[in-house]
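In: here is a sequence with its predicted model. Questions after.
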Amino acid sequence: MQKPKETNQNEIVTPNGLQISVLASSSSGNVTYIETPQRKVLVDAGLSGKKIETLMNSIDRSLKDVDSIFVTHEHSDHCKGVGVLARRYGMDIYANEKTWQAMEHKIGKIETGQKHLFEMGKTLVLDDLDIESYGVSHDAAAPQFYQFHHDQKRFAILTDTGYVSERVIGTIQNADAYLLECNHDIDMLRMGGYPWSIKQRILSDVGHLSNEDGAQVLMDLLGHKTQQVYLGHLSQENNVKALAHLTVEEILKSHDIGVDEEFILSDTDFEKATELKKL
């Protein structure tokens, strides 16, 4: 855990509020950092341990202070570095039972005391951080994402889903911040070099949200509390940041939603962390 800083008057000053940074988000690797005064956690670790350490250092944080990783599902762009980080830093790892079964052969041996079951639809309380899990529609064993609660602030992550149910909308509606999937541009995907079977999988209800899909979901999610939206999990073959941003912005503005007025719309990157932001 990060130590409190001491002032010249011997007054202890601790960080406050819910702080977030999307360290990496793309079809090739995903890691998100969440911090409260008492907890520092990651969602997924889909890059090498060395790369994640570099990204953490870029926001003036260290993996030595991270206590837990919450795994969404077993695909390698989400769990590639989980085992390495668990063994190197002694982090606690949380996932549901089916995800554990699907990813254990990928991540190597982890000490029993570091392995924790976090079942879908449950809420876990860790000191000053509440973590709420919810299922999504994706072709993995039991994919689930998370909403983080601290001091009446909420940050919700919703990627890797081909369809968003009313239940999920109701669970995470009007959060203070979102990391939301805009995986592909439909025309780029259809004209691209992927085999038709993979294109069908991506476009299906257990695939990924397109730029247009992401915009439609966002309109259902936005509320008066929402101040920050990150567009994430972009395909490096079938999308570009400028196109995803423009598509979402134009759709929202066509419905009289004030992008960068009512809330800030931000891009993410596969190799550059977003600024650590306090909600």
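Out: Good, I have the coordinates. Numbering: from 1, shown residues only.

In: next SSE downstream of the top helix by length along the chain?
Out: The helix spanning the most residues in the chain, taking DSSP state H as the definition, is helix 241-254. For helix 241-254, the following helix or strand on the C-terminal side (DSSP states H and E) is strand 264-267.

In: which parts of that next one are buried?
Out: Neighbour-count burial for strand 264-267 flags 265-267 (criterion: 16 or more other CB atoms under 10 Å). C-beta coordinates here come from the backbone N, C-alpha and C atoms, glycine included.

In: okay if I get these as JSON lines plus distance to T159 and pLDDT?
Out: Below are the buried residues of strand 264-267 laid out as JSON lines (distance: CB to CB, whole Å; pLDDT from 0 to 100):
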{"residue": "L265", "distance to T159": "16", "pLDDT": "98"}
{"residue": "S266", "distance to T159": "15", "pLDDT": "98"}
{"residue": "D267", "distance to T159": "14", "pLDDT": "98"}
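
In: quick one: which of these is nearest to M120?
Out: Comparing the buried residues of strand 264-267 against M120 with CB to CB places S266 closest, at 28.4 Å.

In: residue contacts, that closest one?
Out: Contact analysis of S266 by CB atoms under 8 Å, 6 or more residues apart in numbering lists 228-231, 274.

In: and G81, by the same measure?
Out: G81 sits in contact with 31, 45-49, 51-52, where contact means CB under 8 Å, 6+ apart.

In: could you report the neighbour count for Y89?
Out: Other residues within reach of Y89, judged by other CB atoms under 10 Å, total 16.

In: that one contacts L63, correct?
Out: Yes. Between Y89 and L63 there is a contact under CB atoms under 8 Å: 5.5 Å.

In: so Y178: helix, strand or coil?
Out: Three-state call for Y178 (DSSP: H, G, I helix; E, B strand; the rest coil): strand.

In: not counting sequence-adjacent ones, nearest residue to it?
Out: V229 (5.0 Å; CB to CB, 6 or more residues apart in numbering).

In: helix or strand for the one you found, which one?
Out: strand 228-232.

In: quick one: that strand to helix 241-254, angle?
Out: In terms of direction (axes from the mean of the first three to the mean of the last three CA atoms, to 10 degrees), strand 228-232 departs from helix 241-254 by 130 degrees.

In: so what strands line up beside strand 228-232?
Out: With DSSP bridges as the test, strand 228-232 is paired with strand 177-181 (parallel), strand 264-267 (parallel).

In: contacts for it?
Out: 22, 25-26, 30, 159, 176-182, 214, 218, 222, 241, 244-245, 248, 263-268, 274, 277, 279.

In: report the buried members of those residues.
Out: For those, a burial check counting by 16+ other CB under 10 Å picks out 22, 25-26, 30, 159, 176-182, 214, 218, 222, 244-245, 248, 263, 265-268, 274, 277, 279.
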